[in-house]
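> Have a look at this prediction, sequence included:
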Amino acid sequence: MARKALAAVSIALLSLGAAVATEPVRWAGLAAAAWPILYTGVLSVGIAFTAQVVAQRYAHAADAAIILSALPAQVAADAVAGLDEAVQADLLFRTATLGPVTAAAITDIEAILANYAESSASNPLIKLGGHGDVAKIVNNLARPQAAKLLNTIRKKDKILADAIEEGMFIFADLAQLDTKSLGAVIRNVDADRLALAIKGADAALSEKMLRRLSARKAQSISNEIAEMGPVSPADVEEAQKAVVAIAKGMAASGQIMLGKQSNNYV
């Protein structure tokens, strides 16, 4: 916490120096803006930041896991990124293994979970956490940090770490790829498997994938899907996992980029 406070003071002094060098500074103007500056610096930044640091350090681990699971993935990732490495791994492990939570426990934590507590009358147990939620959080971390956290969790529970890693990129996430990367992936999938995978996809993703093929091949795949008839969900899932595996392999070799990986290349 002392290092973070020192960093904040350093940034403030550098900002003050830049302001003095580039802008006219008048005492009358400073006096007129004294209250907004005091409010922003002391209340909004100083007290709020200190409260956040203290809360992160001393909050009960179970409470922290519940709060983390209720946050949007990007916000949760930002919160995790600022913690010590040992705390990061423990918190994500607890979040991934979090079971149903009583509504009474939720009402004792933070206002951030109030919307969950409102449904307590009809649903006394509320599903929070799990490896799927943690996968979304880890997916929003920088790649080296994500890899380190997964390795730490894997030492505690290999099956859980594998489940988190599998959930970090699923078939539906192919829709987030740019058109060039998506085209590169599907061109590496054999036609039968691709048809089965597309059959189980939503209409928007199916259309996007077919547009990345030549007109002749897209028509061939469409005809195959139409003639396929009912298929087993397990077969569709297996085909989609195979497509995802190809995408992950291409990402590992640097041919395409998935999610936060783009932040780690120049």
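Looks like it came in fine.

> Based on its surroundings, how many neighbours for P36?
Burial measure for P36: 10 neighbouring residues, criterion other CB atoms under 10 Å. C-beta here means a position set from N, CA and C on the backbone, and glycine is covered the same way.

> Please read the previous query as pertaining to G82.
12.

> and whatever helix or strand A239 lives in, what other elements does it pack with?
Element membership for A239 (DSSP states H and E) is helix 233-252. Using 3 or more CB pairs under 8 Å, 6 or more residues apart in numbering; DSSP states H and E, the elements in contact with helix 233-252 are helix 179-186, helix 191-199.

> how about that helix: buried residues?
Within helix 233-252, the residues that count as buried by 16 or more other CB atoms under 10 Å are 236, 239-240, 242-244, 246-248, 250-251.

> what do you get for stretch 194-211?
194-201, 205-206, 208-210.

> out of those residues, what pair is the most spread apart?
Farthest pair in the buried residues of stretch 194-211 (CB to CB) is L196 and K208. Separation: 17.1 Å.

> got a list of what the residue nearest to L205 when sequence neighbours are not counted touches?
The spatially closest residue to L205, leaving aside those adjacent along the chain, is A175, at 4.8 Å (CB to CB, 6 or more residues apart in numbering). Taking CB atoms under 8 Å, 6 or more residues apart in numbering, we find A175 in contact with 204-205, 208.

> Flag the shaky bits of the stretch 101-250 of the chain, pLDDT-wise.
105-129 (pLDDT under 70).

> Where does A28 fall, secondary structure wise?
Going by DSSP H and E, A28 is in helix 27-32.

> now that helix: mean pLDDT?
The average pLDDT for helix 27-32 rounds to 72.

> And A239, how close does it get to A215?
23 Å (CB to CB, to the nearest Å).

> Which other helices and strands does the strand or helix carrying A146 contact?
A146 belongs to helix 143-156 when assigned by DSSP H and E. Helices and strands touching helix 143-156, by 3+ CB pairs under 8 Å, 6+ apart, are helix 85-96, helix 131-139, helix 158-167.

> could those be laid out in JSON lines, adding mean neighbour count and distance to A70?
Shown next, in JSON lines, are the helices and strands packed on helix 143-156 (neighbours: other CB atoms under 10 Å; distance: least, CB to CB, whole Å):
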{"stretch": "helix 85-96", "mean neighbour count": "20", "distance to A70": "10"}
{"stretch": "helix 131-139", "mean neighbour count": "24", "distance to A70": "9"}
{"stretch": "helix 158-167", "mean neighbour count": "17", "distance to A70": "18"}
